[in-house]
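Chemist: make a model of this:
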Amino acid sequence: MWHALVVRYFEKKKYTPVHAKIRAESEWLQLFIWNDRRMLNRPLESCPKCRGLIAPIHSRIGCNNGPCGSVFHSQCAGLTEEQLKLLETTINLSWRCDGCLGSNQNQNQSSLQLSKWLEQSLRQHEKRLEVLEQRSKLNDPGQQVPAILCPYLPNTISRKAISITVAFVLLTTLLGIILATTTNLFGKTLNKPDFDVIDNGTLVMLKVAEWGGRPPKTILDPLELPVHRVIISHTAAEGCESREICSNRTQVVQDFHMDSWGWDHVGYNFLVGGDGRVYEGRGWDRVGAHTKGYNRGSIGISFIGTFTAIRPAQRQLKACQLLIDKGVQLKMLAPDFRLYGHRQLSATESPGEELYKIIQTWPHWSHEI
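Modeler: Below you'll find the predicted structure:
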């Protein structure tokens, strides 16, 4: 049919019948080769609707139903130009013929079914695009995709549940911190020691009964006055910085001397606390038990604490100096008394290296025994 049309075309161009036939065959062959060499092996197709041949140059559309596989002219598909463009530009969007849609009654019904089919296919395609877009966002670290907090609950409910849970945890933590802080402060308030230290340069002395000590077991030997030696030592125990704790430390020393060693009273004449107070032991006029061989004719003053590596507090040093000055004023100490460290008269590390360095700078310190 197409061959005859081409021959007539060339006859109208005033070609002889033989020349027209040859030219037509040449043009027909070139047309097929120019369009696509693969079409030479393809059989001729006809449109099931208009019964016309479908040439390679014609716009065509194929039924996507596998068993059918019919090919139609695009204009015979009953689609608008927009629908045809949509089919060409949209991936995975297909078309089916009227026969596959099951409608042979009339054109309006087939067009309606076709529109429904296209709409359904378009929705499925949009769903696939949404899935692909979500996957691409998950793979892209720059994109923030809202996480599904709980797959078993609606998104709004799961967000509320998570928010309530987080708020409850934060509130519980805050209450725990407040309770711990309050308890700690309350405990410190209840157990707060008396940090009423003496820093005003005055001598404060506590009698034995005032620091909770026991009276001596017997009457102690009197000391010949005035005394010509002052011997400085340390208790070699924990220090103190309040009246309460220093009193307790002095009680411990007294118990050790009286109960463990069997002495009649605490061995020192005086003890000096880190709170700046002086705690009376045997006093100015009784023989002490602090330095064997030198107890008679000496006043033993012991610093509460251990001072082999640390220095005493300034208030503790000042309290000892005030006590010595008071002894001179009371004529309990001779004006020319000598000051010694415990180590100078006994085989001991007392009063500790740091304290010993300090008393060597005081007046009346002597290296002569």
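
Chemist: contact partners for residue 368?
Modeler: Applying C-beta atoms under 8 Å, 6 or more residues apart in numbering, we find residue 368 in contact with residue 338. Bear in mind the C-beta positions are built from the backbone N, C-alpha and C, glycine included.

Chemist: which helix or strand contains it?
Modeler: Using DSSP states H and E, residue 368 is not contained in any helix or strand.

Chemist: how far away is it from residue 339?
Modeler: To residue 339, residue 368 is 11 Å away according to C-beta to C-beta, to the nearest Å.

Chemist: now residue 223
Modeler: 17 Å.

Chemist: out of these two, which sits in the busier spot?
Modeler: residue 223 (21 against 18; other C-beta atoms under 10 Å).

Chemist: what's near enough to touch the more buried one?
Modeler: Residue 223 touches 284-288, 296-297, counting by C-beta under 8 Å, 6+ apart.

Chemist: state the pLDDT value of it.
Modeler: Confidence at residue 223, expressed as pLDDT, is 96.

Chemist: and it, how far is that from residue 342?
Modeler: Residue 223 is 18 Å from residue 342, by C-beta to C-beta.

Chemist: which residues in this protein form strands?
Modeler: Counting by DSSP state E, the chain has strands at residues 45-46, 53-54, 60-62, 71-73, 205-206, 227-234, 270-272, 278-280, 298-303, 333-341.

Chemist: next, format the ones you listed as CSV and append mean pLDDT.
Modeler: Formatted as CSV, those follow (pLDDT from 0 to 100):
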stretch, mean pLDDT
strand 45-46, 71
strand 53-54, 69
strand 60-62, 75
strand 71-73, 76
strand 205-206, 97
strand 227-234, 97
strand 270-272, 98
strand 278-280, 98
strand 298-303, 98
strand 333-341, 97
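
Chemist: dump those to JSON lines, plus distance to residue 199.
Modeler: Output for the strands of the chain, formatted as JSON lines (distance: least, C-beta to C-beta, whole Å):
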{"stretch": "strand 45-46", "distance to residue 199": "114"}
{"stretch": "strand 53-54", "distance to residue 199": "114"}
{"stretch": "strand 60-62", "distance to residue 199": "105"}
{"stretch": "strand 71-73", "distance to residue 199": "110"}
{"stretch": "strand 205-206", "distance to residue 199": "16"}
{"stretch": "strand 227-234", "distance to residue 199": "21"}
{"stretch": "strand 270-272", "distance to residue 199": "14"}
{"stretch": "strand 278-280", "distance to residue 199": "14"}
{"stretch": "strand 298-303", "distance to residue 199": "17"}
{"stretch": "strand 333-341", "distance to residue 199": "24"}
